[in-house]
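Participant: Attaching a predicted model along with its sequence, questions to come.
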Amino acid sequence: MNGDFENFKEQVRSTADMVEIISGYVPLKKKGQNYWGCCPFHGEKTPSFSVNPGKSMFYCFGCHEGGDIFKFIMKIENCSFMDALKLLAGRYGIPIPEKQKTAAEIAREKQRDSIYSANELASKFFQACLTKTAYGEPALAYLAGRGIGKEIIAGFGIGYALNNFTALVSSLAKRGCQPQVLEAAGLAARGRDGYYDKFRNRVIIPIRDARGRIVGFGGRVLDNSTPKYLNTAETQWFNKRRLLFGLDIALKAIRKSGRAVVVEGYMDAISLHAAGFDNVVASMGTAFSQEQAKLLQRLADEVIFCYDSDSAGRKASVRAVSIAREAGLKVRIAGVPDGKDPDEYVRQHGSAAFAQVLAAAQNGIDFQIDETILQNNIANLAGKVEAVSNILPFLLECQNEIEASEHIRRLAQRLTIDEGLIAEEYRKAARRGGRQQTGQPTVIPEEKSAGIGQQAEELLLRLLLEQPQLCDECCAEVKETGFEDAVLAQLFDRLCELGTAYTMDKLNNVLDDAAQTALARILAHQLPEGDMDKLMQDCLRQMRRLRLEKEYEKHRLLADEYERSADERFLSELMESQRIKNEIKKLYGNQNK
């Protein structure tokens, strides 16, 4: 089966016309060997989205998304790899190989389909109760009082559960839906006298997955009775950690803006959509999860958390910042004034005021630092030391040392502590955590820029992608010099392993997402004309020179530091720096040094 599946995947990849597929989402124009258009993943007016039909890769120079046809479909449709594969197979009429399913698998699929069907029927029943019966009038009045009109009601499929113990069970039984299925879906329960409805006298909110399938429901009372909210019980199909309420509706707006706003509850999300904020989703509680972060990471560059301003909401925001940053998202925290939740605030103050709340959202790590300081008594030294200790884990999450250094500077000012002392504690923590262990006195280094070194590495890879027979020739040199960029190093290693047997399909199969994106970026550039062997040697020489310059600078700084501290290692570091300087001169001549 595995061989059949691989053959099937390669058949789909080779059959799918990338230009044809992508043109269905965004207009493309041919310029040179590539096709260009405005990126469908972020808002832009000048085309920076490139499609290479020969290599079947896409890349956007604006938002830096890139990859193969499967990656494009996964991103644009917000679906899994298997769903993208099936979608393309269906488009080209390629039969999907079927494996022999076990009885348990068949039963599970049958139950899943029956639950989805029951949820759809239940949703239509609830909607009819709200909009087509007199019983729904109090619920309509309640929603109108919260600024939720007919358009939003229809868009979210909002309904009403009658104040009746068997209304849903009886109605769906007439449609052939067995009560046992409703029980499995969390819509009914079994009592002494038979099955009864779980949701009664509540506004009903369907909860959908990113593909728009109803997987559960939330119910909100019309008065102040308890429990205020009642959700479908957790099942293998309804797992709040893997869902974001409203994502199916907000998906296009999030993708276009590159930003998602995350609130706690579905009523917050619905109210904000009614107020014109169409990129809002709800985590359905304060426990923002890694799974939810991954859902957003496919669509957005930035997330703004706008949880309630109470203690629980602020603590949850501190945790959420770390989870979202771990997924590679930029994070800000929007604080709603006067301790109100987003729903209350937007209803009382209007859309313009809430837009200002979002615009003033605070950097995520700054928020974590502020919240941690509030929890410590920084009036005395012990409190300051404890605050620094508690803040260090947040600093270690910084994407680069420049960012960490800036937060350290601000923290030193807040606590009136010497910046160097905090920086030293940061370095100790970084070494304990497996980051940057040199064993030598050092300063926080600057972030590596995508400068001349990366350009040389990418140009070399672009050459090898066109002429893979050159891999053996430059392999030994690259092993000695190395790649500065770990992702490009992975790409080079995989290319060398495949050698002359390399094809784009085989290469894509052995690359992770980051390497696929790098591959797409490299292929979006054209090779310069001229002697390819000379071009390869120039790239290798540049890579070697930059490595030597970095080594020279390291030993020169150590020599200076050892000289200031009268350390006997000064002379050996000075001699090593001079040796490296001479090597650089041999590479390019005396004019360079």
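Facilitator: Yes, it's here.
Participant: how much space is there between the closest residue to Lys45 other than its chain neighbours and Phe72?
Facilitator: The spatially closest residue to Lys45, leaving aside those adjacent along the chain, is Cys38, at 7.1 Å (CB to CB, 6 or more residues apart in numbering). The C-beta positions use only the backbone N, C-alpha and C, and glycine is treated the same way. Separation of Cys38 from Phe72 (CB to CB, to the nearest Å): 15 Å.
Participant: higher neighbour count, the two?
Facilitator: The neighbour count for Cys38 versus Phe72, taken as other CB atoms under 10 Å, is higher for Phe72 (26 against 17).
Participant: returning to that earlier point: quick one, what contacts the residue nearest to Lys45?
Facilitator: Val26, Pro27, Glu44, Lys45, Thr46, Pro47, Ser48, Phe49 (CB atoms under 8 Å, 6 or more residues apart in numbering).
Participant: Name the weakest-confidence residue in those residues, if you would.
Facilitator: Across the contacts of Cys38, the smallest pLDDT goes to Glu44, namely 76.
Participant: Now name the helix or strand holding that residue.
Facilitator: In the assignment (DSSP states H and E), Glu44 maps to no helix and no strand.
Participant: got a list of what it touches?
Facilitator: By CB under 8 Å, 6+ apart, the neighbours of Glu44 are Cys38, Gly62.
Participant: Mind doing that once more with 10 Å?
Facilitator: Gly37, Cys38, Cys60, Phe61, Gly62, Cys63 (CB atoms under 10 Å, 6 or more residues apart in numbering).
Participant: Against Pro393, how distant is the last one?
Facilitator: For Cys63, the distance to Pro393 equals 30 Å [CB to CB].
Participant: For those two, work out which one has more neighbours and name it.
Facilitator: Of the pair Cys63 and Pro393, Cys63 is the one with more neighbours under other CB under 10 Å, namely 16 against 13.
Participant: The more buried one belongs to a helix?
Facilitator: No - counting by DSSP: H, G, I helix; E, B strand; the rest coil, Cys63 is not part of a helix but coil.
Participant: List the contacts of Ser572.
Facilitator: Taking CB under 10 Å, 6+ apart, one finds His555, Leu558, Ala559, Tyr562 in contact with Ser572.
Participant: ok, of these, which one's closest to Leu415?
Facilitator: Leu558 (30.6 Å; CB to CB).
Participant: Phe570 versus the closest one, what's the distance?
Facilitator: Taking CB to CB, one finds Leu558 at 8 Å from Phe570.
Participant: In this structure Gly62 contacts Phe41, no?
Facilitator: Yes - proximity of Gly62 to Phe41 meets the contact threshold set by CB atoms under 10 Å, at 8.6 Å.
Participant: what's the overlap in contacts for these two?
Facilitator: Phe49, Gly258.
Participant: Please say which of the two ends up with more neighbours.
Facilitator: Neighbours were counted for Gly62 and for Phe41 using other CB under 10 Å; Phe41 has more, 24 against 16.
Participant: Surely that one touches Lys71?
Facilitator: No - counting by CB under 10 Å, Phe41 does not reach Lys71; the two are 11.0 Å apart.
Participant: part of a strand, is Phe394?
Facilitator: No - assignment of Phe394 by three-state DSSP gives helix, placing it outside any strand.
Participant: So for it, what's the nearest residue that isn't a sequence neighbour?
Facilitator: Of all residues not flanking Phe394 in the chain, Gln368 sits nearest, at 4.5 Å (CB to CB, 6+ apart).
Participant: what's the answer for Leu587, then?
Facilitator: Arg545 is the one closest to Leu587 (CB to CB, 6+ apart), at 5.3 Å.
Participant: Identify the residues contacting Val263.
Facilitator: Applying CB under 10 Å, 6+ apart, the residues near Val263 are 245-246, 269-272, 277, 280-284, 304-308, 313, 334, 336, 341-343.
Participant: so how far is His42 from it?
Facilitator: For Val263, the distance to His42 - CB to CB - is 23 Å.
Participant: so Glu371 touches Ile333, yeah?
Facilitator: Yes - counting by CB under 10 Å, Ile333 is a contact partner of Glu371 at 9.1 Å.
Participant: For Thr226, the count of nearby residues, please.
Facilitator: Neighbours of Thr226 using other CB under 10 Å come to 8.
Participant: so it is in which element?
Facilitator: Counting by DSSP H and E, Thr226 is found in no helix or strand.
Participant: Could you report the distance from it to Arg220?
Facilitator: 12 Å.
Participant: any weak-confidence spans in the chain?
Facilitator: For the chain, applying pLDDT under 70 flags the ranges 1-3, 286, 399, 432-452, 480, 588-593.
Participant: Give me the nearest residue to the residue positioned nearest the centre of it, chain neighbours excluded.
Facilitator: In the chain, the residue lying closest to the centroid (CA atoms, centre = their mean) is Gln297, at 1.4 Å. Counting by CB to CB, 6+ apart, Gln297 lies nearest to Ala327, which is 4.5 Å off, once chain neighbours are set aside.
Participant: what sits against the one you found?
Facilitator: Counting by CB under 10 Å, 6+ apart, Ala327 has contacts Gln290, Glu291, Gln292, Ala293, Lys294, Leu295, Leu296, Gln297, Arg298, Val303.
Participant: Just want the phi and psi numbers for it.
Facilitator: Per-residue torsions, Ala327: phi -80, psi 0 (degrees, to the nearest 10).
Participant: Tell me how far it lies from Asp301.
Facilitator: Relative to Asp301, Ala327 is positioned 11 Å away (criterion: CB to CB).
Participant: mind exporting the helix or strand harbouring Leu168 as PDB, just the C-alpha atoms?
Facilitator: If you go by DSSP H and E, Leu168 is part of helix 167-173. Provided in PDB are the C-alpha atoms of helix 167-173 (Å, rounded to 0.1, in the frame of the first residue of the first chain):
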ATOM      1  CA  ALA A 167     -38.400  18.800  20.900                       C
ATOM      2  CA  LEU A 168     -35.200  18.000  19.100                       C
ATOM      3  CA  VAL A 169     -35.200  14.200  19.700                       C
ATOM      4  CA  SER A 170     -38.800  13.900  18.400                       C
ATOM      5  CA  SER A 171     -38.300  16.100  15.400                       C
ATOM      6  CA  LEU A 172     -35.100  14.400  14.200                       C
ATOM      7  CA  ALA A 173     -36.600  10.900  14.800                       C
END
